[in-house]
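Colleague: model the structure of this input:
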Amino acid sequence: MNSEPLPNINLPHDIITPPPVVEWPIAPGYWLLAIILIAGLFWAYHWYQRTAWRRIALRELNGLYKVYLDTPDPIQYAVQANRLLKRVALLRFPTHPVAPLAEKRWERFLKTTCPSLKQDPQLPLFIQACYQCSADGVLPNAHPGLNILALHKGLTRWIRHHKVAHAKRYFTTINVSTDSSLSSASEQGLRFTHSLHTVQEGQAS
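Modeller: Sure thing, here's the model as predicted:
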């Protein structure tokens, strides 16, 4: 059997794989995304700290409503809720004389700082229940037309949605003089502020 020499075939070289993809440097788009994420977390943290007063106030208002459900006393709920709103106002409007506001002036202030309450029929009844006493100086046990559930929703709305900027609009149209209620109301505001700082310190720790 005759054997012929094999032709000279140039075999291909071994397959050369590309170098591995280097993870660094990261593409600029990922850096931008990381910066946006960090800034968002930073803003969310400070927003949470700044709105701690609102969660405290809403928790206290809900507590008053639970007490009312256990022992229905609409006047007691109205008076205690009104004190809470005044404390919140002292905290939120420190440069405005909100402490001496009462009755119609207080009602108008609540409506001005939260326009959604302007058409709330419970707000005038709420003010009457808080400030109108009987002849012997004792608050009545009931007030006709006062719906505590509807009132609770309205007061919750004021705590959630009142605007500090709207207070200037109110005080530029009236001349509010300070009175003896300023000191006691300010003390209530200080106690509320102290409770707020206590909660914030507990959250921070």
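Colleague: now the helices for the chain?
Modeller: Remark: helices assigned in the chain by DSSP state H are 28-50, 52-70, 74-92, 103-113, 122-131, 148-161, 165-171, 181-204.
Colleague: who are the packing partners of the third one?
Modeller: Put plainly, it is helix 74-92. helix 52-70, helix 103-113, helix 122-131, helix 148-161, helix 181-204 (3 or more C-beta pairs under 8 Å, 6 or more residues apart in numbering; DSSP states H and E). For glycine as for every other residue, the C-beta is placed from the backbone atoms N, C-alpha and C.
Colleague: any idea of the angle that helix forms with helix 52-70?
Modeller: Relative orientation of helix 74-92 versus helix 52-70 (axes from the mean of the first three to the mean of the last three C-alpha atoms, to 10 degrees): 180 degrees.
Colleague: alpha carbons only: can I get helix 74-92 in PDB?
Modeller: Listed next in PDB are the C-alpha coordinates belonging to helix 74-92 (Å, rounded to 0.1, in the frame of the first residue of the first chain):
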ATOM      1  CA  PRO A  74     -68.400  65.200  73.600                       C
ATOM      2  CA  ILE A  75     -67.600  68.400  75.600                       C
ATOM      3  CA  GLN A  76     -64.600  66.700  77.300                       C
ATOM      4  CA  TYR A  77     -63.300  65.500  73.900                       C
ATOM      5  CA  ALA A  78     -63.800  69.000  72.400                       C
ATOM      6  CA  VAL A  79     -62.000  70.800  75.300                       C
ATOM      7  CA  GLN A  80     -59.100  68.400  75.300                       C
ATOM      8  CA  ALA A  81     -58.800  68.400  71.500                       C
ATOM      9  CA  ASN A  82     -58.800  72.200  71.500                       C
ATOM     10  CA  ARG A  83     -56.000  72.300  74.000                       C
ATOM     11  CA  LEU A  84     -54.000  69.900  71.800                       C
ATOM     12  CA  LEU A  85     -54.600  72.100  68.700                       C
ATOM     13  CA  LYS A  86     -53.500  75.200  70.600                       C
ATOM     14  CA  ARG A  87     -50.300  73.400  71.700                       C
ATOM     15  CA  VAL A  88     -49.600  72.400  68.100                       C
ATOM     16  CA  ALA A  89     -50.200  76.000  66.900                       C
ATOM     17  CA  LEU A  90     -47.800  77.300  69.500                       C
ATOM     18  CA  LEU A  91     -45.200  74.900  68.200                       C
ATOM     19  CA  ARG A  92     -45.800  75.500  64.600                       C
END
